[in-house]
Structures are given as C-alpha cells and as structure tokens.
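1. here is the input, now give the coordinates:
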Amino acid sequence: MALAIGNSAYRTAPLRNPVNDARAVTKALAEAGFNVVLLEDGSRAGMRRVIREWGDSLSKGGVGLFYFAGHGMQIRGRNYLIPINADVQREDEVEEEAVDANTVLAKMDSARNSLNVMILDACRNNPFQRSFRSAAQGLAQMDAPSGTLIASATAPGSVAADGDGEYGVYTKHLLAEMRQPGVAVEQLFKQVRIGVMAETKERQVPWESSSLRGDFYFQAPTATATTDELRRQQQAAIDRAVTDATRTAEQRAAREREALEHRAAEERAALETRMQGLIAQLLAKQKTDLDAELAKRAQTQASAAKTPPASPAAPPAPGPAPATAPTVQVAAVAPTAARLATANPLFPKPGDHWTYRSRSTDPSSAWNEFAVEVKAVLGDSILESRRMRGRVEDWVYSRGAYIIGAGNPHAFYNFTPYLFAYEPVKEGDVWREIPYQRLGDCSNNFDFSCKFDAKVAAREKVTVAAGTFETFRIEIDQDMRGRGWSSQRKATFWYSPQVKRHVKATWKHVDGRRQAPDAEGELYSYKLN
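-> As a prediction, the model looks like this:
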C-alpha cells in the first residue's frame, strides 16, 4: 500500500518538479505491484485525510510506502511537511499549518505490518526561514521504527536542489533504480546515493535510516538476463553473422556453439550467485533459530528447577498443524563453512527426486503421497523443494543431526535426510540432545519439553514399494514431559546409501499414552542423476 504526495503550487516559493516526481513514482510503484494513492498539491486537510486513510489500510498487512516531494522544514528537531496552502508568518504557527512527519511514522508503527518505507524528497530551501529564529536548514535526523526504512534526498541539516529537468535529481535516480530487477531496497538506495553524488559533484548526499529485518525488492530477482542484455546479445550475434557470412559453415557453427555456451555459463553463474545469497541468508536465520531454541531449553530447565511440582494433569491434546507456513523453512542446525568434494557419491545432485507415501497404522487409513527434489547444491548446503497436497515448501539442509517437525510433536517428524552425505555412519553411533524445529509445544512452551536421542542400531535389508535395499536402522527415542506427566515415543528410520535418503520410517508410542495414531512411511519411487 503506497501514498505519494507531490506539492508544487506553493503561494510562496513554488516548485517545478514535485508533482511530476510524485506522478512518476506512482507509476513505478504501480508497476511494482503497489496499490497507490496519489495526492497532487495537497492542502493540510487533504494531506491529513489521505495519511489517515493510508494508515488504516496498512493494518491489513504487507508493505507500506510513503513518498513526499515538496517543501519541508525542521523546527526544534521535528520535521514538518508543508501543504501548498500553508500560511506561516511565525515559527510557532508551523505546527498548526503543516503536517508533522512523525504522524506518518506513527501510522506505520501502529499498523504493525511487515515492512515500511518512508521517502522524503523534501529538503529544498525553507521559504519561511528568514522569519524564524531557531529554524535550521534541511530536515532533522529521524530514527526509523522497527521494520522501517527512512530515505531522504540529502543528509540531515542539508538542502537539495529542485532540479532543472523533468524530475528532481533525487527522484530521477530513484526511478531508475526502482526498475532494476533483483536489487534489495537497502542496496537500491545505496545506488541512488552514488548516482546523486556523482551528478551533483557531491554537493548533495542522500541519507537513510533503516531498521529492516528482511529483504524487499521493487522488482523480483530473476536468474535470466534482462531484456536490454538479451537485445545486446542478439544484436552482437547478428553483427557476427554478417561479418562471418563468407566463412565456412563449420566455423560459423563453432562460434555459435561457443556463444551459446558462454551465455549459458553466464546465466548459471548469475543463478548460482543469487542462490548463494538466498542460502546464506537462510543459514544465518537458521543459526539464530538454533540459538533461540538452546536459550529456551536453558530457561525451561531453570524454570523447572525453581518451580515445585504441580498435581498430575492430563497431557495436552495434539493441535492441528498450522494452516499456513513460510515459503522457506530452514533445518535447525548451525551453518558451517566447510566445502565438500564433488566426487562424494553419497552427496545429492540437483534434480534428484524421491516420492514417499505415509499413513496411520490404523487399518482403515489411506496412503498420503509427498515428493522432494533437490533444487541446488552449494558448498555443503542443500536446497530442497517439498510438495505435498498441492503445497510447495523449500528447505535448506546443512551438516549435522536434527529433527524437523510438522507442527505437532505427537505426530510425524523427520530426521536429517542427508546425514550420510556429510560424514561416515556406522553401527553404534549415538547422537544426544538432537536440535529440533517446528514441533509446537516442544519449542514454544516452557512447561512442555522434548528430548531426542538417536543411535545407529543395526544394518538391515528392507523391502518397500520402491524396491529392496541395504540400510542402516536409526532409532530415535523421544521423551516428552509436561507438568505432572510424561510420554515416550520411538521413531525408526531406515537409511539407504544407495538411495541417499531414508527408504522407510515408523513412529510409535512405547508407553501406552497415545496422543496420535502410530504411523509408517516408505519410499514409493525415486530418480537420481
């Protein structure tokens, strides 16, 4: 949701470009998928009205953006956006005649939406400054609330030129960068700053204050070349064809093959660079999640030591899995910078594909299918796509042993699928206090804890729908405890080095306190590159 205001027709010191700037920004935002409200030459009442309506729309969620071009001023450290009908004769009248920029930030903060951007091209000379005693040049520095980025056309206390072209200098560079694909918003404003400083010979230095917690793109990243780049490559191919028209067909074919291979290599390199960025970002989040989990465990243990035991109570009933889940989930294991040898035959390759089916052990239960496929392998990070019941999720796996759940600790969960790719596994190997993620009360409730221990119990030959395989049987003991009660379950996974994943799994209650049906799963089909 975006609001763009451009004020040019001031009674005192009219401006040339703000309305043109606001119109152009409105068009660019609409192309980027924003719902945009545009106000041209707004009065104080008009500006306050659209700001209120825009602020109400932010409560629906999503990304909010506010853009203002026109006169702005600072009075005693507060910034004010000047309407075109402002009648300011004295300094103490500014608050009544103008709109406090903090009003916009307050709307953003109270909406509690995911991300907000405030852009102020409002640092032109103050037309009323001569009659003020305490007014300073430009705008005062503003601190961005959590999840907000504030961008200003120039540094605090400095002024910016209106510009002699169709648009202001700052907005001209902003428009150019907003249309570039795959540029994160903070990097975008860095590029704007470079362009403005170069054009103004460093007389104008744009400035930002940011407390963003994620990335945002006006134009989505793409792994392919831009349209201009494709046109350039096509023109180059035509020029080469004309130059080489008299040469032999074999020579022309060789050059065309070389050009295609070069282009494919460039696209692969571009894709790998973007995937490396995505995986690095997800692994950083992964480490944060793991640190938080370990802190919760420590707090749970400290709380249990201080609190006297309560009277026995029935264990909680399992809740349903979340209705929605993030597009990308990350395995709860700390990232590692180690690199793997490409010759490792147990390591998966992009395009490797497995289809599983699972069901409750209740005789009336039907099979449910889901599929996983490796999308990318970068270093020791594996990006996997999982499809089940029409929903697709991406996961990043790394080195180590960990548990991934589906929201309910009483139902299914998965043990690290690519364990054998990272290190040798043998009978008798044991893992204690295995990290876990997305297991509902296990992770989120200080009065409810889970402990997972695993061991390699034996080597066995098993037969499933996909065939007969030599496997390692890994048994996982789960100990769940709440106030005055406990419950134990055992999961067993049969891993096949030939398949590079598990081929069979069971989940059973071992103490008679069944919180969910026992279940089983098996490999239905697979394809390895």
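2. what's the closest non-adjacent residue to residue 168?
-> Excluding its sequence neighbours, the residue lying closest to residue 168 (CB to CB, 6 or more residues apart in numbering) is residue 17, at 4.6 Å. Yep, even glycine has a C-beta here, placed from its N, CA and C like the rest.
3. the one you found reaches residue 7, doesn't it?
-> No: if you go by CB atoms under 8 Å, residue 17 and residue 7 don't touch, sitting 10.8 Å apart.
4. gap between the nearest residue to residue 213 once chain neighbours are set aside and residue 111?
-> Nearest residue to residue 213 in three dimensions, chain neighbours excluded: residue 147, at 5.9 Å (CB to CB, 6+ apart). Separation of residue 147 from residue 111 (CB to CB, to the nearest Å): 10 Å.
5. just residue 177 next, same as before
-> Applying CB to CB to residue 177 and residue 111 gives a distance of 26 Å.
6. and for residue 178?
-> 23 Å.
7. before we move on, what about residue 346?
-> Separation of residue 346 from residue 111 (CB to CB): 49 Å.
8. who's more crowded, the two?
-> Shown here are residue 346 and residue 111; by other CB atoms under 10 Å, residue 111 has more neighbours (20 against 15).
9. from what I can see that one touches residue 55, true?
-> Yes: Residue 111 lies in contact with residue 55 (CB under 8 Å); the separation is 6.4 Å.
10. quick revisit: how about the residue nearest to residue 213, what does it touch?
-> Listed by CB atoms under 8 Å, 6 or more residues apart in numbering, the contact set of residue 147 reads 113, 114, 115, 116, 211, 212, 213.
11. so how far is stretch 145-156 off the chain centroid?
-> Offset of stretch 145-156 from its chain centre (CA atoms, centre = their mean, to the nearest Å): 21 Å.
12. and that stretch, how far apart are its ends?
-> End-to-end span of stretch 145-156 (CA to CA, to the nearest Å): 17 Å.
13. can you map out the strands along the stretch 1-150 of the chain?
-> 2-6, 36-40, 63-69, 72-75, 78-81, 99-100, 115-121, 148-152 (DSSP state E, counting those that start in this stretch).
14. so can I have CSV of the ones you listed showing mean neighbour count and distance to residue 458?
-> Output for the strands of the stretch 1-150 of the chain, formatted as CSV (neighbours: other CB atoms under 10 Å; distance: least, CB to CB, whole Å):
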stretch, mean neighbour count, distance to residue 458
strand 2-6, 27, 62
strand 36-40, 19, 64
strand 63-69, 26, 53
strand 72-75, 24, 74
strand 78-81, 23, 71
strand 99-100, 19, 72
strand 115-121, 24, 51
strand 148-152, 23, 56
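15. among these, which is nearest residue 50?
-> strand 36-40 (5.1 Å; CB to CB).
16. direction included, what does the helix or strand harbouring residue 386 pair up with?
-> Assigned by DSSP states H and E, residue 386 belongs to strand 381-388. Strand 381-388 has the following strand partners under DSSP bridges: strand 368-378 (antiparallel), strand 391-397 (antiparallel).
17. list the buried residues in the first one.
-> Translated: strand 368-378. 370, 371, 372, 373, 374, 376, 377, 378 (16 or more other CB atoms under 10 Å).
18. just the C-alpha atoms of it, please, in PDB.
-> The C-alpha trace of strand 368-378 is given here as PDB (Å, rounded to 0.1, in the frame of the first residue of the first chain):
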ATOM      1  CA  ASN A 368      -0.800 -39.900   1.500                       C
ATOM      2  CA  GLU A 369       2.000 -39.100  -1.000                       C
ATOM      3  CA  PHE A 370       4.600 -36.300  -1.000                       C
ATOM      4  CA  ALA A 371       7.600 -35.600  -3.100                       C
ATOM      5  CA  VAL A 372      11.000 -34.000  -2.500                       C
ATOM      6  CA  GLU A 373      13.500 -32.700  -5.100                       C
ATOM      7  CA  VAL A 374      17.000 -31.200  -4.800                       C
ATOM      8  CA  LYS A 375      17.000 -27.700  -6.400                       C
ATOM      9  CA  ALA A 376      20.600 -26.600  -5.700                       C
ATOM     10  CA  VAL A 377      23.800 -27.800  -4.000                       C
ATOM     11  CA  LEU A 378      26.200 -25.000  -3.000                       C
END
